[in-house]
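S.K.: build me a structure from this.
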Amino acid sequence: MPPTPTNPETRPQPPAAGLPTRRPGAADLARDAARTAGHLLTPPAPVRLDDVVPAPLSVVADPGADHTLAADAVIRVTPEAGARDVAEQLADLLRPATGYPLPVTDAAPGGAELTLTVAGADLGSGAPTDSGAGAGHGDEGYRLEITTTGARLTADTATGLFHGVQTLRQLLPATIESRTPVDERWVLPGGVIVDRPRFPYRGAMLDVSRHFFAVEDVLRVVDHLARYKLNHLHLHLTDDQGWRIAIDSWPRLTTVGGTTQVGAGPGGYYSKADYRRIVRYAARRHVTIVPEVDLPGHTNAALVAYPELAPGKVAPPPYTGTEVGFSHVDPDDERTYDFVADVLGEVAALTPGPWLHIGGDEAFKVKGAAYTGFVERTQRIVARTGRTVIGWHQIAPAAHLDGRVLQWWGTNGDDPEVAKAVRRGARLILSPGNHAYLDMKYAPDTPIGHDWAGLIDVRRAYEWDPGAHLIGVPAEAVLGVEAPLWTESVTTLAEVEFMLLPRLPALAELAWSPRAIHDWAGFRDRLAGHGRRWSTAGIAFHRSPEVPWPAERADGDRLDREPTRPLPSQPGPGQSRQASTTARLSS
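M.R.: Take a look at the predicted model:
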């Protein structure tokens with residue numbers, strides 16, 4: 001198990017029981033009063049139109065056009081498919097903190113309002129251009145205009161509207177994240193934002209195999225992705241330590257293979273109903289689930305459940321450690337391919353998105369033609385399900401299949417084998433281990449995580465260019481960026497959030513914003529304001545010293561401390577450690 005996390009940022013502690021406390025003197029009271037008065041006289045700076053993360057394509061501010069949301073405001077929406085649901089989600093985001101009813105209607109305009117329209121948004125006027133693969137993705141773009149009379153959000157699709165809603169959310173004061181009413185002037189800064197993404201694939205990966213995470217935890221991660229316009233969640237569902245997805249035709253995969261995890265914890269798995277719930281929740285937030293079944297290696301949990309898949313036909317012992325490369329299914333047995341077809345077929349039937357991820361990494365004991373032959377057969381099985389195959393970049397030597405995608409996780413930008421696969425037609429998702437792996441420590445004293453790919457602070461996560469990262473790979477071959485979080489040392493939702501934030505927004509900006517407007521200093525300053533938002537929302541995060549987080553309030557309560565959060569009323573598997581872990585990270 002990982003060492004007990006501690007955080008150098010400690011809360012003030014009460015005096016020990018039985019010890020006298022010092023009564024404050026006049027000087028103390030005067031100083032405290034002055035600090036309190038200073039705080040009251042210097043409220044947080046108002047949000048500016050260009051404070052958004054990820055940075056929009058074009059921002060034209062109009063300080064004379066600020067709009068204050070009124071208590072009788074309505075949300076008006078056009079009747080196109082999906083648009084009303086986005087409007088309802090906007091209302092759900094704004095009602096708790098404002099206390100306003102914010103009815104959603106398609107009635108004729110009138111009065112103070114927020115208007116959402118599916119129509120031809122102008123996504124090109126005066127905006128920087130970019131040569132990356134995602135330039136021109138109007139299906140995710142939007143236009144937001146704020147005037148004294150209201151805000152109008154226009155997009156070609158409901159997805160574009162949804163991304164625009166995330167921008168609108170960020171333009172309101174940070175207290176909009178409160179779950180209870182706040183006495184606040186809800187001011188939107190005036191002007192026009194025109195926006196669209198650089199790359200079509202923008203995502204993160206959560207390893208639920210090394211440590212299992214309950215459905216509610218996964219849904220929380222979906223929310224974090226959606227907040228920053230990331231549109232794919234890759235779930236690493238199978239590995240040596242546990243099998244996490246129910247397969248009707250091979251039931252012992254979960255009843256036997258799902259009962260373990262790193263450190264000998266209880267494990268767990270998703271029923272088909274659980275998995276469908278995750279898929280539906282993500283789809284409503286315009287996030288696509290990418291399921292991974294790792295093959296032919298990383299299969300110890302499957303071999304424990306079904307020894308006939310093992311090369312020696314003998315069940316190995318369950319594995320709860322963190323080593324890799326020792327397990328594999330038998331590539332020479334036809335029964336193995338029955339297993340692969342059954343599993344991938346059932347997973348594809350549960351997953352409406354276009355992708356199936358087959359892993360393919362660290363199969364050290366399946367070499368040469370045995371390995372490439374297995375990958376090629378598995379790629380064809382994926383194609384028969386109607387899905388497009390993704391695999392870690394180790395599958396590059398296998399024969400190309402139309403549409404296939406390699407996920408590159410190396411640390412050296414010179415990879416001739418991958419460049420060759422790209423010349424044969426492969427596309428790439430970039431997840432460089434030394435920039436995008438969110439299980440790497442921030443600094444030597446980070447209480448959880450690894451450092452085999454180096455330390456990844458926020459600046460290192462931000463300062464690289466996905467369109468020019470690999471030698472011999474043109475920008476147009478890059479499908480996008482993904483930030484993986486492996487969980488050998490990450491055991492709870494609080495720890496997941498601690499490792500995701502604040503690096504996830506950095507990678508989101510690389511994937512969304514044009515390269516021409518990437519700027520570390522500007523990003524750092526924009527990111528700083530999100531600490532207040534995360535604290536208000538009860539989201540754990542790392543208080544990186546690189547970021548100028550808001551100052552302490554006069555009462556000594558940091559607005560950006562890693563917060564505690566109550567457990568759900570009915571915690572599921574894997575959630576019982578949440579309270580203690582949150583306390584370790586925040587105390």
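S.K.: so who does Leu479 touch?
M.R.: Applying Cβ atoms under 8 Å, 6 or more residues apart in numbering to Leu479 gives the contacts Ala133, Phe199, Pro200, Tyr201, Val405, Arg427, Leu428, Ile429. For glycine as for every other residue, the C-beta is placed from the backbone atoms N, C-alpha and C.
S.K.: just to be sure, it is in a strand?
M.R.: Yes - per DSSP: H, G, I helix; E, B strand; the rest coil, Leu479 lies within a strand segment.
S.K.: tell me which of the contacts of Leu479 is nearest to Thr320?
M.R.: Checking the contacts of Leu479 against Thr320 by Cβ to Cβ gives Ile429 as the nearest, at 29.7 Å.
S.K.: from start to finish, how long is stretch 440-460 in a straight line?
M.R.: The first and last residues of stretch 440-460 sit 11 Å apart, counting by Cα to Cα, to the nearest Å.
S.K.: then stretch 463-472?
M.R.: Using Cα to Cα, the end-to-end distance of stretch 463-472 comes to 20 Å.
S.K.: just the contacts of Leu479: which are in strands?
M.R.: Secondary structure from DSSP state E places Tyr201, Val405, Arg427, Leu428, Ile429 of those in strands.
S.K.: stretch 248-267: which residues count as buried?
M.R.: 250, 253-254, 256-263, 265, 267 (16 or more other Cβ atoms under 10 Å).
S.K.: can you redo these as CSV with distance to Phe498 and secondary structure?
M.R.: Converted to CSV, the buried residues of stretch 248-267 look like this (distance: Cβ to Cβ, whole Å; DSSP: H, G, I helix; E, B strand; the rest coil):
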residue, distance to Phe498, secondary structure
Trp250, 35, coil
Leu253, 31, helix
Thr254, 29, helix
Val256, 32, coil
Gly257, 29, coil
Gly258, 26, coil
Thr259, 27, coil
Thr260, 25, coil
Gln261, 19, coil
Val262, 18, helix
Gly263, 18, helix
Gly265, 19, coil
Gly267, 22, coil
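S.K.: can you give me the buried ones in stretch 394-411?
M.R.: Result for stretch 394-411 [16+ other Cβ under 10 Å]: buried residues 394-396, 398, 400-401, 403-410.
S.K.: out of the contacts of Leu479, who's the most crowded?
M.R.: Using other Cβ atoms under 10 Å as the neighbour test, the contacts of Leu479 are led by Ile429, with 29 neighbours.
S.K.: check what pLDDT that one gets.
M.R.: If you check Ile429, the pLDDT there is 99.
S.K.: who does it bridge with?
M.R.: Gln407, Gly480 (DSSP bridges).
S.K.: quick check: Met205 is in a strand.
M.R.: Yes - using three-state DSSP, the assignment for Met205 is a strand.
S.K.: please name the residues that touch it.
M.R.: Contacts of Met205 by Cβ under 8 Å, 6+ apart are Leu233, His234, Leu235, His236, Glu292, Ser431, Glu482, Ala483, Pro484, Leu485.
S.K.: report how many residues lie close to the nearest residue to the fourth one once chain neighbours are set aside.
M.R.: Nearest non-adjacent residue to His236, counting by Cβ to Cβ, 6 or more residues apart in numbering: Asp207, 4.2 Å away. Applying other Cβ under 10 Å, we find 25 other residues in the vicinity of Asp207.
S.K.: out of the ones in strands among the contacts of Leu479, who's nearest Val418?
M.R.: Nearest to Val418 among the ones in strands among the contacts of Leu479, with distances taken as Cβ to Cβ, is Leu428, at 7.2 Å.
S.K.: correct me, but that closest one touches Val418?
M.R.: Yes - the pair Leu428 / Val418 is scored as a contact, 7.2 Å apart, by Cβ atoms under 8 Å.
S.K.: what touches both of the two?
M.R.: Contacts common to Leu428 and Val418, judged by Cβ under 8 Å, 6+ apart, are His393, Leu406, Trp408, Leu470, Val473.
S.K.: and the residues you listed as a markdown table, adding distance to Tyr100?
M.R.: Shown next, in a markdown table, are the shared contacts of Leu428 and Val418 (distance: Cβ to Cβ, whole Å):
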| residue | distance to Tyr100 |
| --- | --- |
| His393 | 50 |
| Leu406 | 48 |
| Trp408 | 47 |
| Leu470 | 49 |
| Val473 | 50 |
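S.K.: among those residues, which one lies nearest to Leu356?
M.R.: Ranked by distance to Leu356 (Cβ to Cβ), the shared contacts of Leu428 and Val418 are led by Leu406 at 14.0 Å.
S.K.: contacts only, for the closest one.
M.R.: Contacts of Leu406 by Cβ under 8 Å, 6+ apart are 390-393, 395-396, 418, 421-422, 426-429.
S.K.: what about the spatially most central residue of the chain, distance to Glu88?
M.R.: The residue lying closest to the centre of the chain (Cα atoms, centre = their mean) is Leu225, at 3.7 Å. Separation of Leu225 from Glu88 (Cβ to Cβ, to the nearest Å) stands at 20 Å.
S.K.: next: Arg377.
M.R.: Taken as Cβ to Cβ, the span from Arg377 to Glu88 is 45 Å.
S.K.: again, but for Leu428
M.R.: Counting by Cβ to Cβ, the gap from Leu428 to Glu88 is 37 Å.
S.K.: so which residues of the stretch 351-500 of the chain form strands?
M.R.: Listed in chain order, the strands of the stretch 351-500 of the chain (DSSP state E, counting those that start in this stretch) span 355-359, 388-392, 405-408, 427-430, 478-485.
S.K.: can you redo the ones in strands among the contacts of Leu479 as TSV with distance to Ala511?
M.R.: Output for those, formatted as TSV (distance: Cβ to Cβ, whole Å):
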residue	distance to Ala511
Tyr201	8
Val405	15
Arg427	14
Leu428	13
Ile429	10
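S.K.: now for those: which two are most distant?
M.R.: Farthest pair in the ones in strands among the contacts of Leu479, by Cβ to Cβ: Tyr201 and Leu428, 9.6 Å.
S.K.: now do the same end-to-end measure for stretch 357-373.
M.R.: End-to-end distance of stretch 357-373 (Cα to Cα): 17 Å.
S.K.: ok, now stretch 447-461?
M.R.: Calculated as Cα to Cα, the first-to-last residue distance of stretch 447-461 is 19 Å.
S.K.: please apply the same query to stretch 60-79.
M.R.: Distance across stretch 60-79, first residue to last, is 29 Å (Cα to Cα).
S.K.: okay, buried residues for that stretch please.
M.R.: Ala61, Ala65, Asp66, His67, Leu69, Ala73, Val74, Ile75, Arg76, Val77.
S.K.: strands of the stretch 101-250 of the chain, residue ranges please.
M.R.: So, for the stretch 101-250 of the chain - with DSSP E, counting those that start in this stretch - the strands run 104-105, 113-118, 142-147, 150-155, 187-188, 191-195, 201-207, 232-236, 238-239, 242-243.
S.K.: how about JSON lines for these, with mean pLDDT added?
M.R.: Listed next are those as JSON lines, based on pLDDT from 0 to 100:
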{"stretch": "strand 104-105", "mean pLDDT": "95"}
{"stretch": "strand 113-118", "mean pLDDT": "93"}
{"stretch": "strand 142-147", "mean pLDDT": "98"}
{"stretch": "strand 150-155", "mean pLDDT": "97"}
{"stretch": "strand 187-188", "mean pLDDT": "98"}
{"stretch": "strand 191-195", "mean pLDDT": "98"}
{"stretch": "strand 201-207", "mean pLDDT": "99"}
{"stretch": "strand 232-236", "mean pLDDT": "99"}
{"stretch": "strand 238-239", "mean pLDDT": "98"}
{"stretch": "strand 242-243", "mean pLDDT": "98"}
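S.K.: closest to Leu527 out of these?
M.R.: Nearest of these (Cβ to Cβ): strand 201-207, 16.8 Å.
S.K.: can I get the closest one in CSV? Just the C-alpha atoms.
M.R.: Extracted in CSV, the C-alpha atoms of strand 201-207 (Å, rounded to 0.1, in the frame of the first residue of the first chain):
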residue,chain,number,x,y,z
TYR,A,201,-10.3,13.9,-28.9
ARG,A,202,-9.7,15.4,-25.5
GLY,A,203,-9.8,13.0,-22.5
ALA,A,204,-8.5,11.5,-19.3
MET,A,205,-8.1,7.9,-18.2
LEU,A,206,-9.1,6.4,-14.9
ASP,A,207,-7.6,3.1,-13.9
